[in-house]
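# okay, sequence plus prediction incoming.
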Amino acid sequence: MNWKTLDDMELNGKRVLTRVDINVPMENGHITDATRIERIATTINDIKSKGGSPILLAHLGRPNGKVNPKLSLQQLVPTLEITFKCPVFFTDNPSRDWINEKPSDAVILLENMRFNEMEEQNTPALAQFLATLGDIFCNDAFSTCHRSHASTVGVAKLLPSCAGHLMQIELNALKSALSNPLRPVGAVVGGAKVSSKLELLQNLVKKIDTLVIGGGMANTFLAAQGAELGSSLQEPDLHNIARSILATADAENCRIILPRDGRISTIFAAHAPNKIISLNTQTQLKPDEMVLDAGDKTTEDIITEFRSLKTLIWNGPLGAFEIEPFNTATMKASKAAAAFTLSGSLITVAGGGDTVAALNQAGVVDEFSYVSTAGGAFLEWMEGKKLPGIAALL
Ligand code: AMP
């Protein structure tokens with residue numbers, strides 16, 4: 001995978017179409033978290049320091065191909081100007097002439113790409129038009145790379161293209177986790193359902209040495225082997241698939257760690273009365289009982305495993321982490337992974353929406369080697385899929 005980076009491009013005097021992820025959360029027209037804007041500053045400043053002029057291509061929310069003033073990128077201009085410390089010129093009607101009139105040290109921002117239905121359909125006419133606006137294309141929005149859109153894939157095929165800094169960091173982290181990891185490599189895959197992580201599990205068991213299965217999906221694996229788990233979250237339709245994943249893991253020498261104890265309750269609520277019980281394929285819970293978290297012995301198993309790993313991929317919580325005390329296993333195990341990372345014995349790469357929330361709750365996001373906020377794109381990479389936005393840069 002030898003995509004070009006900003007360092008490989010001659011940027012002096014060039015207009016650089018730069019696909020960024022500034023899809024920030026907003027409330028009543030105010031940005032509630034500007035992290036995504038702050039993170040792209042390195043790429044913007046680098047382009048400018050090399051004599052290039054960035055033209056930002058981005059989206060906000062889900063306008064579904066229609067103009068929606070509430071999702072206009074114009075409202076981000078003041079924050080962009082403060083962050084980049086330069087004027088930001090906004091337009092919903094760009095042309096090369098209009099762009100050429102602007103000072104070369106300014107940043108230009110085009111209106112929400114997804115206001116135009118041709119964006120998500122990757123219509124060639126839109127990509128061709130965008131290509132007339134710039135000389136070089138730089139993609140710094142890894143989170144959009146699993147989609148073939150005009151501003152991620154179409155235009156990349158028409159102009160000399162490269163990856164921005166954030167994209168480079170993300171790709172290097174993902175490569176170090178799965179393509180070329182220090183071994184042994186393990187993964188924690190938790191969360192609600194096997195069905196949403198089927199392809200992830202199927203890909204991982206072929207590539208890694210140990211797989212920890214947690215959360216609601218562990219219930220499906222235990223039930224598939226005979227356990228009766230009362231009202232626990234589980235997917236009976238997936239018992240065959242769960243057994244086939246276990247068989248593949250066995251054939252591929254991937255060790256599976258399933259919970260051997262769990263915290264159960266009859267009520268799905270914070271501080272509900274609960275107890276820890278042993279879990280195995282013979283377990284029979286009462287109809288109203290449910291497993292809501294891994295137990296202490298399982299957590300110890302997981303932490304012991306971390307001690308022998310060199311690389312760890314983490315996606316999904318080990319229990320219903322939003323409600324105490326069913327966050328206990330996720331908190332303890334993620335803090336242990338963070339401590340091993342800090343001591344230099346473990347590379348930790350995590351991603352996926354709820355995973356970031358769980359690691360935030362544990363206060364370990366900054367201690368993991370890399371935490372990806374690109375939900376869908378992170379998962380598709382881990383599923384072994386070719387991401388069109390990355391392929392288009394090659
Ligand atoms: P996912 O989006 O698939 O990563 O799933 C995350 C969700 O799974 C979180 O909302 C957790 O509360 C939920 N979850 C994890 N384990 C359990 C469990 N044992 N029972 C019910 N919900 C769970």
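Received it, and whenever you're ready, just let me know what you need.
# which bits of the stretch 151-300 of the chain sit near the ligand?
Residues of the stretch 151-300 of the chain found near the ligand, taking C-beta under 6 Å from any ligand atom as the criterion, are G191, A192, K193, S196, G215, G216, L233, V291, L292. C-betas here are computed from N, CA, C, even on glycine.
# can you do 8 Å?
Residues of the stretch 151-300 of the chain found near the ligand (C-beta under 8 Å from any ligand atom) are 190-193, 196-197, 214-219, 232-233, 262, 268, 290-293.
# could you flag which of the residues you listed are buried?
190-193, 197, 214-219, 232-233, 262, 290-293 (16 or more other C-beta atoms under 10 Å).
# now, which of the residues you listed lie within strands?
Secondary structure assignment by DSSP state E places G262, M290, V291, L292, D293 of those in strands.
# so who does the fourth one touch?
The reference is to L292. Contacts for L292 were tallied using C-beta atoms under 8 Å, 6 or more residues apart in numbering; they are G262, R263, I264, S265, F268, N274, G319, A320, I323, F326.
# any idea of the pLDDT on it?
With respect to pLDDT, L292 scores 98.
# now it: how far from V364?
22 Å (C-beta to C-beta, to the nearest Å).
# so K335 belongs to a helix, correct?
Yes - under DSSP: H, G, I helix; E, B strand; the rest coil, K335 sits within a helix.
# ok, the closest residue to G316 other than its chain neighbours - contacts?
In space, G316 comes closest to G191 once its chain neighbours are excluded; the distance is 3.0 Å by C-beta to C-beta, 6 or more residues apart in numbering. Neighbour list for G191: K197, G214, G215, G216, M217, N315, G316, P317, G352, D354 [criterion: C-beta under 8 Å, 6+ apart].
# please repeat the previous calculation with a cut-off of 10 Å.
Shown in contact with G191 (C-beta atoms under 10 Å, 6 or more residues apart in numbering): 197, 200, 214-218, 315-319, 321, 352-355, 358.
# check what pLDDT N2 gets.
At N2, the pLDDT value in this model is 79.
# for the stretch 1-150 of the chain, what spans make up the strands?
15-19, 26-27, 30-31, 53-57, 88-91, 107-110, 136-139 (DSSP state E, counting those that start in this stretch).
# which elements pack onto the third one?
Spelled out, that is strand 30-31. helix 77-84 (3 or more C-beta pairs under 10 Å, 6 or more residues apart in numbering; DSSP states H and E).
# contacts for the helix it packs on next, please.
20, 22, 24, 30-31, 34, 37-41, 44-45, 48, 54, 56, 73, 76, 86-90, 106-107, 109.
# for that helix, buried residues please.
Neighbour-count burial for helix 77-84 [16+ other C-beta under 10 Å]: V77, T79, L80, T83, F84.
# now N93: how far from I347?
Distance from N93 to I347, by C-beta to C-beta: 47 Å.
# try C145
Taken as C-beta to C-beta, the span from C145 to I347 is 22 Å.
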